[in-house]
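Enquirer: Sequence first, then the predicted structure:
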Amino acid sequence: MSRPPGLLYSVDETPPRAVFIVAALQQVAVMSNSLLYPIIMGREARLSPDQLLDFVSLSMLALGMATLLLSVKSRFIGCGYLCPAGYTQIHLVPSLSAAQIGGLPLVFGMTAIAGILQVAIAPVLRRVRFLLPPEIAGLVIAVVGLSIAVLGVRYGLSGAANTGMTSEYLAIFAVSLTTMVILNVWTKGYLRMFCLLLGMAAGYGASAALGILDFSAAVPSEGLPLLRFPNLHPHLLQWRFDASLIAPFAIVAIAGTLNLIANVSYAQRINDADWVRPSFTSLTGGMVGNGIASVISAVIGSMGINSYGPSVGLSAATGIASRSLAYMIAIAFALLSLIPAAAAVITTIPAPVVGAALFFTAAFVFTSGLQAITARLLDSRKIIVIGFSFGMAMLANTSHDLLARAPALLHPILDNGLVLGTVSAVLLNLLMRIGVRQRVTMMLDAGHVNREAIEGFLSEQGGRWGARRDIVSRVIFGVVQMLEVVGDVPEGTEIEATFDEFNLDVRVRYKGAPLIIPERKPTPREIIASEEGERLLAGYLLRQSADRINCKASGTMAEVQLHYDH
């Protein structure tokens, strides 16, 4: 991997002890924002204040275990990158429906089904990778960022209840977000590394000054003990199943898969400046870990769990992507689950502080997705796929009332921008593949080398394939240089190009003597000795420009084969 600029501690590096502890606590602070979803679920299930605190404590314990399962580097489980866990809106809508039908036991049972389905999806993930080429993976990452930003604005300006924007919420949101931006952009060292934690602290201070904080609402009448193991209430240990909910929770499993692909791909990009495409070995391990984490979460009495985009975005913002943080995060959440006051504090996090943290991290996630998209050549087909899918994601995030009229079975797709945008991208990508040939041929006119025609042909086809810009530029250079070595283009010369996402091969057939492709650089004496010396140098430079090159002759025809790893 090539180290990106701004990366302070990569996946395999361990920060100094002080940085290690504070960076882990900063991740814990961001991940704690996702506990809003279990809080919403607990309130919809009409849990009493002490039951809600236990529910949140168990959810914190699940967060720690899930982060380990997602991040660990092993043969079968874990993606091998820092990929913290979190509760997302993906599970919320079907879980609320399950709670209305059969209470929390039905939520836990169907959540376990979704987790098992994710484990089952993992082995076949590599076989369906053609459905998610890198430009679509980039779109998914961008849509995740967009969804986080929309959620951040919603919480930051109007709170969880969407009661309308107030001047107090706007002021707290502005204080938190401005502090984060100033520390991240115009400072260095610890201030930059811990910009989000300090920004949230500033938001807490503003909330206290404006009278927004209210801890009493989360504290039971009998008070809170200093330490207590979460009480496993009987209704938190029951499972129920309903066949009518298999379809929506199967969609949840697929949506969680897409969410994980986006977040793990982003984690890979953070650690590698030369990132080209997702590593499916890493994705498969992460998917197994995600599925097991959801099952464990259901077993101990909590909601379904996913990889958490804001936490991965925080790694990019601070430059701290060390996998070792996952162990500290797990320990921190295990300890916090034993402290009832911690659960009480989390249930009263000011909504505008949450919104500022989400909105800040969304910028890094969204931009990374755009970079992955623009690294590819895009023709009108790819532009339609990306543009339409992005529009569908925005529609889901902004027009809930319009889509609410659709059949209930489709709500898990239509109610989530990530799911709707990705499903649209996959279906449109399959449709737009119709008529795109993976092997194309161009006949050249005899005479001088027409660079413009060759460049136009290869660039247009590269756009249809969604090939990388840098690879297509190397192909154009190699083909043009090879033909210039041959001299005037003989009649009947043709260029054949084939593409399969991982390989781009070009064959140039012409009438004449085969090129000599030396393995070593010719000496200055060999170069100036004759015209053949110039051809030797040109052949050597061609060898350096392509990943593999070969030349062979058949009768009066010669063929040069140029191979490029894509």
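Expert: Looks like it came in fine. Residues are numbered from 1 along each chain as shown.
Enquirer: Quick one: the strands in the stretch 301-450 of the chain, in order.
Expert: For the stretch 301-450 of the chain, the strands defined by DSSP state E, counting those that start in this stretch occupy 306-307, 439-443.
Enquirer: pLDDT weak spots in the stretch 301-450 of the chain?
Expert: Counting by pLDDT under 70, the stretch 301-450 of the chain contains low-confidence ranges at 400, 408-409, 412.
Enquirer: ranges for the helices of it?
Expert: Along the stretch 301-450 of the chain, counting by DSSP state H, counting those that start in this stretch, helices occupy 309-318, 325-336, 340-347, 351-374, 380-398, 400-403, 411-414, 417-432.
Enquirer: now for the first one, which elements pack on it?
Expert: Counting contacts by 3 or more C-beta pairs under 8 Å, 6 or more residues apart in numbering; DSSP states H and E, helix 309-318 is packed against helix 17-33, strand 85-86, helix 134-158, helix 195-209, helix 246-271, helix 351-374. To be clear about C-beta, it is placed using only N, CA and C from the backbone, and glycine gets the same treatment.
Enquirer: ok, then the element right after the second one?
Expert: Counting by DSSP states H and E, the element after strand 85-86 in chain order, helix or strand, is helix 89-121.
Enquirer: re the thing from before, out of the strands of the stretch 301-450 of the chain, which comes closest to Gly512?
Expert: Smallest distance to Gly512 across those (C-beta to C-beta): 16.1 Å, for strand 439-443.
Enquirer: out of the strands of the stretch 301-450 of the chain, deepest packed?
Expert: strand 306-307 (a mean of 30; mean count of other C-beta atoms under 10 Å).
Enquirer: what lines up beside that one in the sheet?
Expert: Each strand that pairs with strand 306-307, with its direction, by DSSP bridges: strand 85-86 (antiparallel).
Enquirer: Show me how far the strand it pairs with is from its chain's centre.
Expert: 13 Å (C-alpha atoms, centre = their mean, to the nearest Å).
Enquirer: Identify the residues contacting Phe280.
Expert: Counting by C-beta atoms under 8 Å, 6 or more residues apart in numbering, Phe280 makes contact with 125-126, 129.
Enquirer: Same list, these, but as TSV with pLDDT please.
Expert: Output for the contacts of Phe280, formatted as TSV (pLDDT from 0 to 100):
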residue	pLDDT
Leu125	82
Arg126	79
Arg129	70
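Enquirer: Among those residues, find the one with the greatest number of neighbours, please.
Expert: Counting neighbours by other C-beta atoms under 10 Å, the top entry in the contacts of Phe280 is Leu125, with 20 neighbours.
Enquirer: check which helix or strand covers the residue lying closest to it once chain neighbours are set aside.
Expert: Spatial nearest neighbour of Leu125, excluding adjacent residues (C-beta to C-beta, 6 or more residues apart in numbering): Thr284 at 5.3 Å. Thr284 is part of helix 280-300 when elements are defined by DSSP H and E.
Enquirer: low-scoring stretches of this protein, by residue?
Expert: For the chain, the stretches flagged by pLDDT under 70 are 1, 93, 159-165, 215-223, 231-237, 400, 408-409, 412, 530-531.
Enquirer: How many residues are close by Ala273?
Expert: 13.
Enquirer: Surely it is in a strand?
Expert: No - counting by DSSP: H, G, I helix; E, B strand; the rest coil, Ala273 is located in no strand; its state is coil.
Enquirer: OK, contacts around it?
Expert: 1-5.
Enquirer: Report the two members of the residues you listed separated by the largest distance.
Expert: Met1 and Pro5 (13.5 Å).
Enquirer: Looking at the two, which is more packed in?
Expert: More crowded of Met1 and Pro5, by other C-beta under 10 Å: Met1, with 12 against 6.
Enquirer: Could you measure from Ser57 over to Ser337?
Expert: According to C-beta to C-beta, to the nearest Å, Ser57 stands 4 Å off from Ser337.
Enquirer: If you could redo that for Leu418, that was the one I meant.
Expert: Counting by C-beta to C-beta, the separation of Leu418 from Ser337 is 28 Å.
Enquirer: and the strands of the stretch 301-450 of the chain as a markdown table, adding distance to Asp505?
Expert: Putting these into a markdown table (distance: least, C-beta to C-beta, whole Å) gives the following:
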| stretch | distance to Asp505 |
| --- | --- |
| strand 306-307 | 36 |
| strand 439-443 | 9 |
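Enquirer: out of those strands, which comes closest to Pro522?
Expert: Among the strands of the stretch 301-450 of the chain, strand 439-443 comes nearest to Pro522, with 31.1 Å by C-beta to C-beta.
Enquirer: immediately after that closest one, which helix or strand?
Expert: helix 451-465.
Enquirer: for that next one, packing partners?
Expert: Helix 451-465 packs on helix 380-398, strand 439-443, helix 469-486, strand 494-499, going by 3+ C-beta pairs under 8 Å, 6+ apart.
Enquirer: Thanks a lot, see you next time.
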